[in-house]
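Colleague: return a 3D structure for these sequence lines:
(one chain, ligands or ions: 2)
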Amino acid sequence: MRDNTPVTLPAPLIDQHGRTKQKLRVSLTDRCQYRCTYCMPTTPTWIPQDLRLTAAERNRLITLMVQRGITHIRLTGGEPLIAPDLYPTLTHLQSLRAQGLTKVSLTTNGALLAQHAATLLAAGLDDVNVSLDTLNPERFLALSGGRGTVDEVLEGIAAAQAVGLAVKLNCVVLRDVNFGDMPDLTRWAMAQHLPLRLIEFMPLDDGEQWQKTRVVSEAELLTQLGAHWRITPQPRDKSPATTYLLDDAFPLGIISTITNPFCSNCNRLRLTADGQLFSCLFAQSGQDLRALLRAGNSDDSLTKAIARHVWNKARGFDHAFEAQYTV
Ligand code: SAM
Ligand code: SF4
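Modeller: Ligands and ions are numbered 1, 2, ... in the order given. Model (predicted):
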């Protein structure tokens, strides 16, 4: 049903617990050439073409959210470097700088970064996060579902650094696969001057792979790395990561969504490739913005639906979920 009444809700996107939203993660595609075991099944079911947002639909939603205070957009996937809409989206995002957008980032598996680094920089990308879970070639291949090589990712990182694109590393830590590789990976990141964030394994898929016993807690990581470096915690900001300085110089972030949730500071929203808006990574259901777009709703009406969905965000992830997953 159309709702064309003017927007009367307050300008910033704010939830009922007083948290304003500044960051939007936009999935340009659900597809990926890797099959990281912690992220996707071996044979994923892709979203059908007609249910994916078009570039024009996505750009319209992004614009509305920037007009309501989103200042930082992160393009992600699936793998954003295989998304046909990547460069048209970057062009559109540049036009939103005048409306308050201050930062455009991208998260990639790095496989195609070597060929895209220069064009991404020219298209106005501010920085790139590259996922790198291990430097060990066999374990990298296994983690990528037999599809990626550590060398192609290292080439991508080197190319991004060479053109002057700011790079950070993300690593998902699994107890039974790459936990033991963390000192080597950290040492390498330090030598390359690449900030590193270690991410706790989260139950984001259908629970095929996730088990409590595979999650490595922040405390365990600190104990492991503390045997190699002096570790000093830094004051917490709105980032989901807790930052530590290793030997007073190297910034290491740890994102411990499961053992140390950052919900009280959450300033993020997520738009999926099929147009669902989520106000929490773990929310079971989102707001179907694609349906509202295709029903012909006005900008005011869409903005209202977005604001209402954000307003209703729960304080943390829900209790049933918490009881199931607390480690
Ligand atoms: N394909 C790109 C990549 O791998 O960087 C972007 C999409 S990927 C879904 C975004 C980030 O989510 C990556 O850093 C990835 O390692 C992380 N990720 C995926 N599944 C995860 C899980 N179950 N727990 C924690 N992080 C996960
Ligand atoms: Fe693809 Fe990224 Fe998921 Fe790996 S983590 S399967 S690279 S989307």
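Colleague: list the neighbouring strands of the longest strand along the chain plus their orientation.
Modeller: Ordering each strand of the chain by length in residues (DSSP state E) puts strand 166-173 first. Strand 166-173 has the following strand partners under DSSP bridges: strand 127-131 (parallel), strand 196-200 (parallel).
Colleague: is the very next helix or strand once past that strand anywhere near ligand 1?
Modeller: Using DSSP states H and E, the helix or strand that follows strand 166-173 towards the C-terminus is helix 182-192. No: if you take C-beta under 6 Å from any ligand atom as the test, helix 182-192 misses ligand 1, and the best it gets is 13.2 Å. C-beta here means a position set from N, CA and C on the backbone, and glycine is covered the same way.
Colleague: between strand 166-173 and helix 182-192, find me the angle.
Modeller: Here the directions of helix 182-192 and strand 166-173 differ by 180 degrees (axes from the mean of the first three to the mean of the last three C-alpha atoms, to 10 degrees).
Colleague: give the buried residues for helix 182-192.
Modeller: The neighbour-count check on helix 182-192 (16 or more other C-beta atoms under 10 Å) flags Met182, Leu185, Thr186, Trp188, Ala189, Met190 as buried.
Colleague: contacts only, for the closest residue to Gln99 other than its chain neighbours.
Modeller: Take Gln99 and drop its neighbours on the chain: the residue closest to it by C-beta to C-beta, 6 or more residues apart in numbering is Val66, 5.3 Å away. Val66 makes contact with Ile73, Leu96, Gln99, Gly100, Leu101, according to C-beta atoms under 8 Å, 6 or more residues apart in numbering.
Colleague: what's the closest of these to ligand 1?
Modeller: Using C-beta to the nearest ligand atom, Ile73 is the member of the contacts of Val66 that sits closest to ligand 1, with 14.0 Å.
Colleague: does ligand 2 sit close to the helix or strand harbouring the closest one?
Modeller: Ile73 is located in strand 72-76, with elements delineated by DSSP H and E. No: applying C-beta under 6 Å from any ligand atom, one finds strand 72-76 separated from ligand 2 by no less than 7.9 Å.
Colleague: identify the residues contacting that strand?
Modeller: Under C-beta under 8 Å, 6+ apart, the answer for strand 72-76 is 22-28, 62, 66, 86, 89-90, 93, 101-107, 129.
Colleague: Met262 touches Pro240, doesn't it?
Modeller: For the record, residue 262 is Phe, not Met. Yes: proximity of Phe262 to Pro240 meets the contact threshold set by C-beta atoms under 8 Å, at 4.6 Å.
Colleague: which one of those two has more residues nearby?
Modeller: Set Phe262 next to Pro240 and count neighbours by other C-beta atoms under 10 Å: Pro240 wins out with 21 against 18.
Colleague: now the residue of the stretch 101-250 of the chain at minimum distance from ligand 2, what are its backbone angles?
Modeller: For the stretch 101-250 of the chain, the residue closest to ligand 2 is Asn109, as judged by C-beta to the nearest ligand atom, at 3.4 Å. According to degrees, to the nearest 10, the main-chain angles of Asn109 amount to phi -80, psi -10.
Colleague: so what pLDDT did it get?
Modeller: pLDDT for Asn109: 98.
Colleague: picking that back up, among the contacts of Val66, who's most crowded?
Modeller: The member of those that has the most neighbours, counting by other C-beta under 10 Å, is Ile73 with 25 neighbours.
Colleague: is it in a bridge, and if so with what?
Modeller: Leu24, Val104.
Colleague: rewinding a little: helix or strand right after the strand holding Ile73?
Modeller: As assigned by DSSP H and E, the chain's next helix or strand after strand 72-76 is helix 86-95.
Colleague: give me the mean pLDDT for that following helix.
Modeller: Averaged across helix 86-95, pLDDT comes to 98.
Colleague: can you tell me how far Arg236 is from Ser264?
Modeller: Counting by C-beta to C-beta, to the nearest Å, the gap from Arg236 to Ser264 is 10 Å.
Colleague: okay, now Leu106: neighbour count?
Modeller: For Leu106, the neighbour count with other C-beta under 10 Å is 25.
Colleague: quick check: it is in a strand.
Modeller: Yes: under DSSP: H, G, I helix; E, B strand; the rest coil, Leu106 falls within a strand.
Colleague: ok, now which ones touch it?
Modeller: Per C-beta under 8 Å, 6+ apart, neighbours of Leu106: Arg74, Leu75, Thr76, Pro80, Leu81, Leu120, Leu125, Asp127, Val128, Asn129.
Colleague: quick one: pLDDT of the third one?
Modeller: pLDDT for Thr76: 98.
Colleague: what's the closest non-adjacent residue to it?
Modeller: Among residues not flanking Thr76 along the chain, Thr107 sits closest, at 4.5 Å (C-beta to C-beta, 6+ apart).
Colleague: hang on, isn't the one you found packed against Asn129?
Modeller: Yes: assessed by C-beta under 8 Å, Thr107 is found in contact with Asn129 at 4.4 Å.
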